[in-house]
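In: Model the structure of this input:
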Amino acid sequence: MTRTILTQWAAIQRKLSGLANHALEPHAGGWSPNTDVYESADEFVVKVELAGVEKNEVHIHVEEQVLVIQGMRRDPYGGESAQGYRFRQMEIEYGPFQRIIPIPCPVDARTARAQVTAGILKIYLPKAPAAAQVKIAVAMES
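Out: Here you go, the predicted model:
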């Protein structure tokens, strides 16, 4: 009995931790996948945990300096296929998801690329070339 309670308490803490991490993120319902963001001198790399999500169910776009990742994880055992079963434990979240990730500097969305390996989506966002600073000589009239 104690082991079950401790396991459930750990699951509740994991969920609450995830909610706290995403509390300020605009969210259109559903769930929010775990995400890591790395920065190098040349690019940003965004890793998103999407086990069980089909590639055609994921939509990625960049709006100004914001990366938006949306999609759907469908429950293969939901609906009619679950008839006759009583769930004992449910931790995997299904349905629509969305992550909105602010990027601190401009990126070149035209050369961005993405790949999925072993349930991890990696998005590579090359940094846009910084605008060159131009000195302007102002002629003073007398």
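
In: who's in contact with Ile69?
Out: With contacts defined as Cβ atoms under 8 Å, 6 or more residues apart in numbering, the neighbours of Ile69 are 33, 35, 46, 48, 58-60, 97-101, 121, 123. For the C-beta atoms, the positions are set from N, CA and C on the backbone; glycine is no exception.

In: cutoff 7 Å now
Out: With contacts defined as Cβ atoms under 7 Å, 6 or more residues apart in numbering, Ile69 is in contact with Val48, Val58, Ile60, Gln98, Arg99.

In: Can you give me the separation between the nearest residue to Gln98 once chain neighbours are set aside and Val48?
Out: When the adjacent residues along the chain are set aside, Gln98 lies closest to Gln70, with 4.8 Å between them (Cβ to Cβ, 6 or more residues apart in numbering). The span separating Gln70 from Val48 equals 11 Å under the rule Cβ to Cβ, to the nearest Å.
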